[in-house]
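>>> I would like the atomic coordinates for the input below:
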Amino acid sequence: MRDTIKKECANTAGVASAPTKRYIDVTIPRKGLWQAQTPQVFARSLILECFEKRAREAADIEVTDDASVCEYCQIPVALVESSMTNFKVTEPSDLPIAEAYLNQGLVH
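The predicted structure follows:
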């Protein structure tokens, strides 16, 4: 993981500018952290079973990718290194970066 990860303060009571600003609570050590990329590969039957189980048991629990659904089901998920150009397109602002990588032939 290359980025430095910061956790936001949950409680800013007593901070005069708290309503308009956010503050750092702690820096998370990078050791052992991985950025999840897509695509993620799972056996179709396994991932469908996990999504169905989560929908039945805990539809209110947020899942952000297929791996998190498997984590909910306590299925071990292997970590595989990949290129930093294979990043997750999540926000509209990610699209120009993805297009630039594609135009430069940095991803296939």
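
>>> Which residue ranges of the chain form strands?
Counting by DSSP state E, the chain has strands at residues 5-8, 24-28.

>>> From Pro39, how far out is Cys50?
Cys50 sits at a distance of 16 Å from Pro39 (criterion: Cβ to Cβ, to the nearest Å). For the C-beta atoms, the positions are set from N, CA and C on the backbone; glycine is no exception.

>>> Neighbour count: those two, which is higher?
More crowded of Cys50 and Pro39, by other Cβ atoms under 10 Å: Cys50, with 22 against 9.

>>> what's the single longest helix in the chain?
Across the chain, the helix with the greatest residue count (assigned by DSSP state H) is helix 44-58.

>>> averaged over its residues, what pLDDT does it have?
Taken as a whole, helix 44-58 carries a mean pLDDT of 96.

>>> Where does pLDDT dip in the chain?
12-20, 108 (pLDDT under 70).

>>> Can you tell me the centre-most residue of it?
Most central in the chain under Cα atoms, centre = their mean is Ala36, positioned 5.2 Å from the mean C-alpha point.

>>> Let me know whether it touches Thr90 as I believe.
No: with contact defined as Cβ atoms under 8 Å, Ala36 does not count as touching Thr90 (10.6 Å).
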